[in-house]
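Chemist: Whatever this is, show me its structure:
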Amino acid sequence: MVMSLAGTPAVRPSISVIKALELKSCFHIGFRSFEHLKQAHARLLRLGLSQENHLLDTLLGYYTQFGNTHYSKFVFNQTNKPNIFLFNTMIKGLVSNDLFDEAIKYYQSMRSKSIFPNRFTLPLALKACARIFDYRSGLKIHSLVVKLGFDKNVYVNTSLVSMYSKCGNIYDARKVFDNMQEKALVSWNVIISGYYDVGKFSEVLSLSRGFLRNGLKPDGFTLAMILCACAELGALEFGEWIHRYINVNGLGIDLVLNTSLINMYARCGCMEKARGIFDQMLEKDVVAWTSMIQGYEANGFAKEAIGMFFEMERENVKPDCNAVVAVVHACTRLGAMNLGERAINSLKWEEVVTNLPLGTTIIDMYAKCGNSNSAWKVFKEMERDVVVWNATISGLFMNGHTKVAFGLFAQMVKFGFQPMDDYDCVYTVYVRTSKAIRGGTDAIISLTFYDDTGNGIRIKNLESWGGLMGPDHDYYERGNLDIFSGRGPCLSRPVCSMELASDGSVGHHGTARWYCNYVEVTTTGPHIQCAQQLFTVEQWLSTDKSPYQLFAIRDNCEHSDGVKRRRPSNTILPVETLLAVASDPLEFEPLKLD
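Modeler: A predicted model of the protein is given here:
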């Protein structure tokens, strides 16, 4: 007999108790694999411990940690009386595995059992609502937050700010944020990110200044977001201040921050500073390389963009689709089709034909380089949206294949693509006629404008295209400021060059002469920033007045030396005209080029 120290017989623990203690110890130590976890679960069932909530809580946590939510749900659903801790673990596991719909269902199940959420449940449920834009459920949770008195909790409030901003209601997100008595760094990051996501970049900078005035120290996420907003606004001075802050605080080795600085300087047109940062970086990933390539291309340094791309390849950094899009744009500008094809070959063909922006860019390159057959080949193999269709049609027009282009247009309409989808830019043209004696005209005035890639749009007759001055108005009369507006395909870059022309016809003025002071072109569209370009003309368009010509060419493009002007991508036509042509009984055949 085993005696205790007190001299009384000691109670020997049963085998089942020993195994239970070993199992609980195992739960605390952890599990080596999913199979090990399943074995422990089986032992739990055999020992009759399957309803011990604290063990089940650990079990659920490990199942979701291994990514097996099926087992987690099975275990949870076998529980007789799940408590708030089990629900929290289950919801957390589903959220961490991106099963946001199911997470909300479990939250609703918890509420149906009259179990109230705690300060851990609410942020998880709100995160799930934010990720699937479930605004209605988010509102209900907000109401419960107030009812339960959690509206003073910084983490719950931060989750509310995130939910509102992710669901697009930045006004209520800001309202919650402003009412917070305590604001953590993550709270500031969430509201700043929210404003950035809805395109309110000025508010991002305004909040950032308030953040810094409050003496808070930003982290890398905050600084990167501020730099992105500076890039969008062209706020170079503030961006430079952030750059100095990064250096003073020893953050200059951070890869993400350096890449954000490169992007900011590139977007502000300071490629030398962008290159300086890039050259000093100890670590360069594909995003950093791509930012430099995109910066060079966007600022008109096509040769440098191409050189940077092939330097990246020599450094054994595999380019992504974004890098190839940028370098193909640069090759298009220089007419360097062979280099563009080399860049394209760095990707698998499956990546090319499934990436719509890349495929569209390649079609555009082939079209502008006069290789319609290659453009057609890419088009046939690609997944297609309306942009791909329109790029191909535009390329066919550009290279003189008018009949085939209209046939393809008819097919696009037949397949249910709306042609207006790509005609989503509004061009407004202001034309000032001089007050000079006999400065007016009755001639037909046409206008062609280009971006710095050489791509352009021609309006054959401004008045019939989009005259806004009324049916009885006499256009181009002495001293007039005439306004015209219409829709057309968006150019890839801002307008910077134009050709203004008169057909020389004589009306009641008795002469073909016309003196124009200036032309201003404004471009607006949902996917581009508003752009405005003023062309000073101050010239007679006349055959009997110097310079004895019926046209005026003005080029304000930077870095445009050597850029060959392409034929305009398409004449702007009313959509009704295009549809009328497309409805002509023209049978579409495979592309046949001369």
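Chemist: So residue 379 is in contact with residue 362, correct?
Modeler: No: contact criterion CB atoms under 8 Å: residue 379 and residue 362 do not qualify, at 9.5 Å. C-beta here means a position set from N, CA and C on the backbone, and glycine is covered the same way.
Chemist: who has more neighbours, the two?
Modeler: Shown here are residue 379 and residue 362; by other CB atoms under 10 Å, residue 362 has more neighbours (27 against 24).
Chemist: in the stretch 201-350 of the chain, which spans are strands?
Modeler: Assigned strands in the stretch 201-350 of the chain: none (criterion: DSSP state E, counting those that start in this stretch).
Chemist: quick one: the helices in it?
Modeler: Under the criterion DSSP state H, counting those that start in this stretch, helices of the stretch 201-350 of the chain are mapped to 201-213, 220-233, 236-248, 255-267, 271-280, 286-298, 302-314, 321-334, 337-344, 349-354.
Chemist: Which secondary structure elements does the helix or strand just after the shortest one sit against?
Modeler: Put plainly, it is helix 349-354. Sequence-wise, the next helix or strand downstream of helix 349-354 (DSSP states H and E) is helix 356-368. Applying 3 or more CB pairs under 8 Å, 6 or more residues apart in numbering; DSSP states H and E, we find helix 356-368 packed against helix 321-334, helix 337-344, helix 349-354, helix 372-381, helix 386-398.
Chemist: Relative to residue 187, which of the helices of the stretch 201-350 of the chain is closest?
Modeler: Closest of the helices of the stretch 201-350 of the chain to residue 187 is helix 201-213, at 10.0 Å (criterion: CB to CB).
Chemist: Pull out the buried positions in stretch 155-163.
Modeler: Burial within stretch 155-163, assessed by neighbour count using 16 or more other CB atoms under 10 Å, is assigned to 155, 156, 157, 158, 159, 160, 161, 162, 163.
Chemist: Off-centre distance for the one helix or strand the second one maps to?
Modeler: By that I understand residue 156. Using DSSP H and E, residue 156 falls within helix 154-166. Centroid separation for helix 154-166 versus its chain: 23 Å, with CA atoms, centre = their mean, to the nearest Å.
Chemist: distance of residue 412 from residue 379?
Modeler: Separation of residue 412 from residue 379 (CB to CB, to the nearest Å) stands at 11 Å.
Chemist: for residue 160, same thing?
Modeler: Counting by CB to CB - residue 160 and residue 379 are separated by 48 Å.
Chemist: Residue 554 too?
Modeler: To residue 379, residue 554 is 35 Å away according to CB to CB.
Chemist: and if you look at residue 138?
Modeler: As judged by CB to CB, residue 138 and residue 379 stand 43 Å apart.
Chemist: same question, residue 211
Modeler: 49 Å.
Chemist: What of residue 327?
Modeler: 21 Å.
Chemist: and if you look at residue 482?
Modeler: Distance of residue 482 to residue 379, given as CB to CB: 40 Å.
Chemist: go on, residue 301?
Modeler: Going from residue 301 to residue 379 by CB to CB gives 30 Å.
Chemist: Check residue 217 too.
Modeler: 52 Å.
Chemist: tell me the contacts of residue 378?
Modeler: By CB atoms under 8 Å, 6 or more residues apart in numbering, the contact list for residue 378 reads 352, 353, 359, 362, 363, 366.
Chemist: Could you find which two of the residues you listed are furthest from each other?
Modeler: Using CB to CB, the contacts of residue 378 reach their maximum pairwise distance at 353 and 366, which is 14.1 Å.
Chemist: Of those two, give the one with the bigger neighbour count.
Modeler: residue 366 (27 against 18).
Chemist: So that one sits against residue 395, correct?
Modeler: Yes: Residue 366 is within contact range of residue 395, at 7.0 Å (criterion: CB under 8 Å).
Chemist: Overlap of the contact sets of these two?
Modeler: Residues touching both residue 366 and residue 395 (CB under 8 Å, 6+ apart): 372, 375.
Chemist: how much space between residue 394 and residue 354?
Modeler: Taking CB to CB as the measure, residue 394 falls 22 Å from residue 354.
Chemist: and if you look at residue 532?
Modeler: Between residue 532 and residue 354 the computed distance is 37 Å (CB to CB).
Chemist: Please apply the same query to residue 110.
Modeler: For residue 110, the distance to residue 354 (CB to CB) stands at 41 Å.
Chemist: These two: which has the busier surroundings?
Modeler: Taking neighbours as other CB under 10 Å, residue 110 and residue 354 compare with residue 110 leading, 22 against 13.
Chemist: pLDDT at the closest residue to that one other than its chain neighbours, what is it?
Modeler: In space, and not counting its chain neighbours, residue 110 is closest to residue 87: 4.5 Å by CB to CB, 6 or more residues apart in numbering. At residue 87 the predicted local confidence, pLDDT, stands at 88.
Chemist: so residue 87 makes contact with residue 108?
Modeler: No: using CB under 8 Å as the test, residue 87 is too far from residue 108 to be in contact (10.8 Å).
Chemist: Please consider this matter closed, and thank you.
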